[in-house]
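[1] I'd like to go over a predicted model; first the sequence, then the structure.
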Amino acid sequence: MTLPRVQILALGGTIATAPDASGAMQMGLGADDLVAAVPLLATLADIRAETVSRVGSHSLSFDQIHALAAKIMDLDVDGVVVTQGTDTLEETSFLLDLLVERDIPVIVTAAMRNPALTSPDGPGNLLAAVRVACDPWMKAHAKALGVVAVMLDEVYAAADVQKVHPTRFNAFASPQTGPLAALVEDRLVPLSLPVRAPVEAARKRLGKASEGREQPVALLWLGLDEPGYILEAMIDHRDQLGYRGVVLGAMGGGHVPERVASLVGQLGEIIPTVVAPRAGGGPLLRQTYGGPSSEIALRKAGLLWGGRLNPLKARVLLETCLRAGLDRAAIAEVFETFG
């Protein structure tokens, strides 16, 4: 029997750490080490392993993920598994989903418990990811599913997965949709299919975004009684700061404190500014509340609406749009597809 060819691309992260002399966990393990820790992989697939980097995911860059996407597009394999840290997995997986269009499974996985702890989850997550990559249902629906994350025997859509706890073992979830599938024994049990139209529409507009230059995007979280000093600085010193776009983590269904509403409007006039729900995702309101800081007023002022994307994912999408050279109107159209 010919086994499916699965490429493992290791980026680093907790899954690839080892203790130094002091006991502190340091980056160091490569793809071959990860594969060697899971002998069962050899019974599932023809494994090819490559170490792409050895860094924590908190230090990954947009450029690195664009390069990774290009590599995945060129691979002649039946499935791809990316291992990395959990800190930015919800962002990197979504960016890969925007950039990679393949009819093979592309899976991102990681670990919450480092290899020095009792019952580390890295080997199990890697085994689960390869099982998912080899599953007939996954292969048949790979294009419809897009890039997925596999953690603790559950499969999540890249556009929806979130890290919902900084340290807990079961730190990942898709609060809006739930998992797409679950591994039970040696079976993958399908549960749902994701809404793919927004990502597919975005891909058509983004074109060759990987050929563009880095476009720094600021992420500002708005809270109770925000005075707006950072907003003022961004308006007055835009060129010196160097940001090309802004994402605002807004309150409720798309609201900002009234005392900063005029500043938000000014910022939206000079730089593409996206409003996204700080609540963690879910469609924003469009035409319910009145007043200068409401969703109606902000939309009339030219603020871009993030739809169901949380601020982290909205920032990924905005940076990709800017890198692709899209103007404000085109960026608005891309975000509109996300609800």
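    Arrived safely.
[2] what ranges does the stretch 151-300 of the chain have for its strands?
    Listed in chain order, the strands of the stretch 151-300 of the chain (DSSP state E, counting those that start in this stretch) span 154-157, 162-163, 172-173, 181-184, 187-190, 217-221, 245-250, 273-277.
[3] and the ones you listed: which comes nearest F62?
    Nearest to F62, of all these, is strand 217-221, at 9.3 Å by Cβ to Cβ. Backbone N, C-alpha and C define where each C-beta goes, glycine included.
[4] about what we covered before: most packed of the strands of the stretch 151-300 of the chain?
    Highest mean neighbour count of the strands of the stretch 151-300 of the chain: strand 273-277, a mean of 28 (counted as mean count of other Cβ atoms under 10 Å).
[5] who does it pair up with?
    According to DSSP bridges, strand 273-277 has the following sheet partners: strand 245-250 (parallel), strand 304-305 (parallel).
[6] tell me the domain ranges of the protein?
    Using automatic domain parsing, the domain parsing of the chain gives 5-194, 208-336.
[7] possible to save those as JSON lines with mean pLDDT?
    Formatted as JSON lines, those follow (pLDDT from 0 to 100):
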{"stretch": "domain 5-194", "mean pLDDT": "97"}
{"stretch": "domain 208-336", "mean pLDDT": "95"}
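[8] export the strands of the stretch 151-300 of the chain to JSON lines and tack on distance to A42?
    Listed next are these as JSON lines, based on distance: least, Cβ to Cβ, whole Å:
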{"stretch": "strand 154-157", "distance to A42": "23"}
{"stretch": "strand 162-163", "distance to A42": "31"}
{"stretch": "strand 172-173", "distance to A42": "27"}
{"stretch": "strand 181-184", "distance to A42": "19"}
{"stretch": "strand 187-190", "distance to A42": "20"}
{"stretch": "strand 217-221", "distance to A42": "42"}
{"stretch": "strand 245-250", "distance to A42": "44"}
{"stretch": "strand 273-277", "distance to A42": "43"}
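[9] make a markdown table out of the strands paired with strand 273-277 and add distance to S210.
    Output for the strands paired with strand 273-277, formatted as a markdown table (distance: least, Cβ to Cβ, whole Å):
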| stretch | distance to S210 |
| --- | --- |
| strand 245-250 | 18 |
| strand 304-305 | 23 |
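[10] do I have it right that Q7 meets G79?
    Yes: under the contact definition of Cβ atoms under 8 Å, Q7 touches G79, with a separation of 7.3 Å.
[11] what's the local residue count around the nearest residue to T88 once chain neighbours are set aside?
    Distances taken as Cβ to Cβ, 6 or more residues apart in numbering put S57 closest to T88, at 4.4 Å, once the chain neighbours are dropped. S57: 19 surrounding residues under other Cβ atoms under 10 Å.
[12] spit out the contact partners of S57.
    Listed by Cβ atoms under 8 Å, 6 or more residues apart in numbering, the contact set of S57 reads 11-13, 84-89, 92, 110.
[13] most surrounded residue in those residues?
    Counting neighbours by other Cβ under 10 Å, A110 comes out on top of those with 32 neighbours.
[14] what sits closest to that one if chain neighbours are left out?
    Residue nearest to A110 in three dimensions, not counting chain neighbours: T86, with 4.5 Å by Cβ to Cβ, 6+ apart.
[15] shouldn't that neighbour be within a strand?
    No: if the criterion is DSSP: H, G, I helix; E, B strand; the rest coil, then T86 is coil and not within a strand.
[16] P257 reaches L231, doesn't it?
    No: between P257 and L231 there is no contact, the gap being 10.5 Å when judged by Cβ under 8 Å.
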